[in-house]
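Colleague: Give the three-dimensional model of this entry:
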Amino acid sequence: MKRNFKKMLAMSLACGAVFGLGAPSVDAAYMLNPEVTDATPALLEASEIGALKYDNPKMQNLPNKDAILVMSFGTTFKDSREKTIEATVKAIQAAHPNVKVELAFTSHIIVDRIKAKEGLDIPTPEAALKQLKKDGYTRIALCSLDVVPGMEYAYDKAIFNEYKDSFKRMTLGTSLIYWQGQEEQRDDVKEALSALSTQFPEVADNEAILIMAHGTPHPANAYYSVIQSGINRMQLKNTYIYTVEGWPGLEDIIPELKAKGIKSVTLMPLMMVAGDHANNDMAGNEPDSHKSILMKEGFKVNTYIHGIGENGLIRGLFVDRANEAWDMLQSK
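Modeller: Next up is the predicted model:
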């Protein structure tokens, strides 16, 4: 069954020429079985898994002028933005010192609020791509600072599909956590947890670490179950993941904590930035904050209010994802 599944989903070089994917690395994208020589557009679209690459046949005579566009949801918390998003963009720029690297925020509301509050113009991906086009850039590597491929990453993919015909070549990298170690792909869950665990405090038998993720109505919410499974496999002691706007919620975790005799917890976000969710929903003093709820339930609560973008190892993984998109942009 495993081999059959791989044949159905992986992208072949022959079909890649039609779709414009070229020859991605094993970690970048799947390949259709080479026996599929007459793949329909629907089959090709269904096979859009992993990092993507598209070559516009109408622009192949244009000279190469390359840029990297980094896409993040964004935050109005300036201090956290500088330590996380901007620090990651600087790391990507350092890996590509002679390349134009631009930042765009997918939250149009945050773009407007930053403009009003700080007078700073951070473009949306749409505006950034239009400007890059105007400036003569012909090949664009799109990079994502999303944690899992949920609704925000779906936006990134929609940007890829909407604007790929405007450029000679366009690529799109994956979110931080994408591959799960199946079908000989890398295990992004293990990589991310290994990096994240370097900021974990040591815990006694009656202490726990609660990792707050965002949650999403997108089917990618299932990643949080996979992450918890990874936590268990890696034997990260008394560590649980929960979400603000998805499943599992804090109310699902509290009974487990009590059943295990946990008396003290440390809360920390699994989010790029320490923004409104981390400062208010997680660590705020309002009665409905996670800290307040847990204290009311009898737990001692410590908070670690730092976005994962402050973690140098996590930033390194985001650079890896950007490098993957860049390498596909440069491939033959």
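
Colleague: can we go C-alpha only for contacts and neighbour counts from here?
Modeller: Noted.

Colleague: Residue 101: what's its closest spatial neighbour, skipping adjacent residues?
Modeller: Spatially, and ignoring its direct neighbours in sequence, residue 101 is nearest to residue 68 (4.7 Å; CA to CA, 6 or more residues apart in numbering).

Colleague: which strands and helices sit next to the helix or strand where the one you found lies?
Modeller: Residue 68 is part of strand 66-72 when elements are defined by DSSP states H and E. When contacts are defined as 3 or more CA pairs under 8 Å, 6 or more residues apart in numbering; DSSP states H and E, strand 66-72 sits against strand 100-105, helix 125-134, strand 139-144.

Colleague: so where's the protein shaky on pLDDT?
Modeller: 1-29 (pLDDT under 70).

Colleague: Name the residues of the lengthiest helix in the chain that are buried.
Modeller: In the chain, with assignment by DSSP state H, the single longest helix is helix 312-330. Neighbour counts over helix 312-330 (16 or more other CA atoms under 10 Å) mark 312-329 as buried.

Colleague: burial measure for residue 104, as a count.
Modeller: Counted with other CA atoms under 10 Å, the neighbours of residue 104 add up to 23.

Colleague: Report the separation between it and residue 86.
Modeller: According to CA to CA, to the nearest Å, residue 104 stands 11 Å off from residue 86.

Colleague: circling back: restricting to C-alpha, output the helix or strand following the strand holding residue 68 in PDB.
Modeller: Counting by DSSP H and E, the next helix or strand C-terminal to strand 66-72 is helix 78-83. Extracted C-alpha coordinates of helix 78-83, given in PDB (Å, rounded to 0.1, in the frame of the first residue of the first chain):
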ATOM      1  CA  LYS A  78       6.700  45.800  17.200                       C
ATOM      2  CA  ASP A  79       9.200  44.400  19.700                       C
ATOM      3  CA  SER A  80       8.200  40.800  19.000                       C
ATOM      4  CA  ARG A  81       8.100  41.500  15.300                       C
ATOM      5  CA  GLU A  82      11.700  42.700  15.300                       C
ATOM      6  CA  LYS A  83      12.900  39.700  17.400                       C
END
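
Colleague: got a list of what the closest residue to residue 59 other than its chain neighbours touches?
Modeller: Once flanking residues are discounted, residue 59 sits nearest to residue 168: 5.0 Å by CA to CA, 6+ apart. Listed by CA atoms under 8 Å, 6 or more residues apart in numbering, the contact set of residue 168 reads 55-60, 62, 138-139.

Colleague: hmm, try it at 7 Å
Modeller: 55-56, 59-60, 138-139 (CA atoms under 7 Å, 6 or more residues apart in numbering).

Colleague: got it, and residue 148?
Modeller: 175-178.

Colleague: now it, what's its secondary structure?
Modeller: coil (DSSP: H, G, I helix; E, B strand; the rest coil).

Colleague: just the buried members of the contacts of residue 168?
Modeller: Applying 16+ other CA under 10 Å to the contacts of residue 168 flags 55, 138-139 as buried.

Colleague: can you put those residues in TSV and add distance to residue 240?
Modeller: As requested, the buried ones among the contacts of residue 168 are exported to TSV (distance: CA to CA, whole Å):
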residue	distance to residue 240
55	43
138	45
139	42
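
Colleague: from those, which single one is nearest residue 292?
Modeller: Of all these, the one with the least separation from residue 292 (CA to CA) is residue 139, at 49.5 Å.
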